[in-house]
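K.L.:
Turn this into a model:
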Amino acid sequence: KIAVDMLRLRKRQAELHDKESFAEYKFEDTMAQTPESGMKLLTDVWVKAKDAANKERELMEDFLTEEGQVLDGGIRPWDWRYYAEQVRQAKFNFDENEMKPYLSLDAVTNA
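P.N.:
Residues are numbered from 1 along each chain as shown. Predicted coordinates:
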């Protein structure tokens, strides 16, 4: 019932703004401008993001193998940030906590 009411209200809102759909109304003041352009943008970004995520997963799996660790079922979504941080520290000598003081709101606005 609530979802149906929301859809009716969205349709009415679009009509009040002389738009064919609520999606067209919502996209009007965005970079994409139209729902079709928004979908194209998401599709283009998705392919690149998926490739980058697969490369990162491979790095994490290689790291785990080097460390002699075995995860049943591989790296799970809830493991991702933990092992990604482990890889950054081990392979790139990067510790996110060391960067935080330099990226605080005060430090960034004063720069």
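K.L.:
so where's the longest helix in the chain?
P.N.:
helix 35-66 (DSSP state H).
K.L.:
K50 and A84: what is the separation?
P.N.:
16 Å (C-beta to C-beta, to the nearest Å). All C-beta spots, glycine's among them, are computed from the backbone N, C-alpha and C.
K.L.:
again with A23
P.N.:
Taking C-beta to C-beta, one finds A23 at 34 Å from A84.
K.L.:
Pull the number of nearby residues for E61.
P.N.:
16 (other C-beta atoms under 10 Å).
K.L.:
can you tell me which residues contact the residue nearest to it when sequence neighbours are not counted?
P.N.:
Leaving out its chain neighbours, the residue that sits closest to E61 by C-beta to C-beta, 6 or more residues apart in numbering is I75, at 6.7 Å. Residues near I75 by C-beta atoms under 8 Å, 6 or more residues apart in numbering: R57, M60, E61, L64, Y83.
K.L.:
picking that back up, downstream neighbour of the longest helix of the chain in the secondary structure list?
P.N.:
helix 80-92 (DSSP states H and E).
K.L.:
now that following helix against helix 35-66, angle please.
P.N.:
60 degrees (axes from the mean of the first three to the mean of the last three C-alpha atoms, to 10 degrees).
K.L.:
average pLDDT for helix 80-92?
P.N.:
Averaging pLDDT along helix 80-92 yields 88.
K.L.:
which outside residues touch it?
P.N.:
Taking C-beta under 8 Å, 6+ apart as the rule, helix 80-92 contacts E56, L59, M60, F63, L64, I75, F94, D95, E96.
K.L.:
ok, of those, which come out buried?
P.N.:
Neighbour-count burial (16 or more other C-beta atoms under 10 Å) is assigned, among the contacts of helix 80-92, to L59, M60, F63, L64, I75.
K.L.:
Return the residues in contact with the closest residue to V70 other than its chain neighbours.
P.N.:
Setting aside the residues directly before and after it, V70 is nearest to L64 in space (C-beta to C-beta, 6+ apart), at 7.3 Å. L64 is in contact with V70, L71, I75, Y83, counting by C-beta under 8 Å, 6+ apart.
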